[in-house]
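>>> sequence first, predicted coordinates after that:
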Amino acid sequence: CLAHFARRATRCVFGGPGLASFLPRPVPTMGKKKPELSKTEKKYNKKDVFALKDVFDDADADGSGEIDANELRKALNKSNLGDAADDFFKAIDTDGSKKIGFDEYLKAYYRKASPSEVKDMMLWVYPLKIEKPPTPPKLSDLQKREIKSIFVLYDLNENGSLDKKELLEALKDTGYDDDEIEEMFDDYDVNGDGEISLREFEKMLEAAYL
């Protein structure tokens with residue numbers, strides 16, 4: 001029957017469940033609590049799945065992540081089972097895509113594994129990629145110098161900060177009305193000292209530059 005073919009094919013092409021027994025075992029670390037195993041990890045040996053993935057990749061000659069009929073035939077020829085390649089392929093290719101994915105191999109090899117267990121095993125060998133958030137743009141040195149020049153120009157009392165009157169003068173020709181400028185003043189006066197420092201002024205103009 002097809003199930004028998006699938007079981008036999010996976011053993012011939014990919015090896016048996018004891019592959020991981022030949023790998024070196026990790027040395028236990030004293031004092032560290034081991035993380036609790038998931039239900040799938042308790043039921044199936046993760047090392048075996050990784051070892052089976054390695055030999056699956058060996059049969060996947062073109063590195064596509066799937067095995068076609070020719071690749072399966074070449075793998076079976078090593079075990080003198082090339083004549084049975086078509087039957088083996090039909091038994092494992094359950095979705096009829098003419099390709100064998102690692103998930104189909106797992107389903108054929110671990111016949112009693114539930115869909116969720118197969119999904120867990122797939123995530124062991126194909127972990128989800130966590131994308132890093134994009135780095136926010138930063139002002140260039142030239143832009144910072146331009147902003148500083150504006151800041152110094154309107155720092156009339158040369159105390160290294162802009163009060164509300166000075167900010168109103170600096171931004172009067174930018175299209176903002178007095179109420180909007182006063183609201184910006186309150187928003188960007190982070191430390192609440194009643195003045196806008198050069199750094200706070202940079203943050204205020206950042207959106208216009210970036």
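Great, that's in hand.
>>> quick one: Tyr209 and Pro137, what's the gap?
Distance, Tyr209 to Pro137, by CB to CB, to the nearest Å: 9 Å. C-beta: built from backbone N, CA, C; applies to glycine.
>>> the more surrounded of those two?
A side-by-side neighbour count of Tyr209 and Pro137, using other CB atoms under 10 Å, places Tyr209 first with 14 against 9.
>>> counting neighbours, what do you get for Asp163?
15.
>>> can you tell me the closest non-neighbouring residue to it?
Spatially, and ignoring its direct neighbours in sequence, Asp163 is nearest to Glu195 (5.4 Å; CB to CB, 6 or more residues apart in numbering).
>>> show me what contacts the one you found?
By CB atoms under 8 Å, 6 or more residues apart in numbering, the contact list for Glu195 reads Ser161, Leu162, Asp163, Asp189.
>>> next, the second one: phi, psi?
Right, Leu162. phi -110, psi 130 (degrees, to the nearest 10).
>>> now do the strands in the chain.
Here the chain has its strands, by DSSP state E, at 66-67, 100-101, 161-162, 196-197.
>>> coming back round to it: how far away is the residue nearest to Asp163 from Lys33?
Distance, Glu195 to Lys33, by CB to CB: 53 Å.
>>> and the residue in the chain sticking out farthest from the centre, what pLDDT?
Here the chain reaches farthest from its C-alpha mean at Asn157, the gap being 52.6 Å by CA atoms, centre = their mean. Asn157 is assigned 88 on the pLDDT scale.
>>> for Asp193, same thing?
For Asp193, pLDDT reads 89.
>>> measure it to Ser161 for me?
Distance, Asp193 to Ser161, by CB to CB: 8 Å.
>>> which of the two has more residues huddled nearby?
A count of neighbours by other CB under 10 Å puts Ser161 above the other of Asp193 and Ser161, at 19 against 10.
>>> nearest the geometric middle of the chain, what residue?
For the chain, the residue lying nearest the average C-alpha position, counting by CA atoms, centre = their mean, turns out to be Lys129 (1.6 Å).
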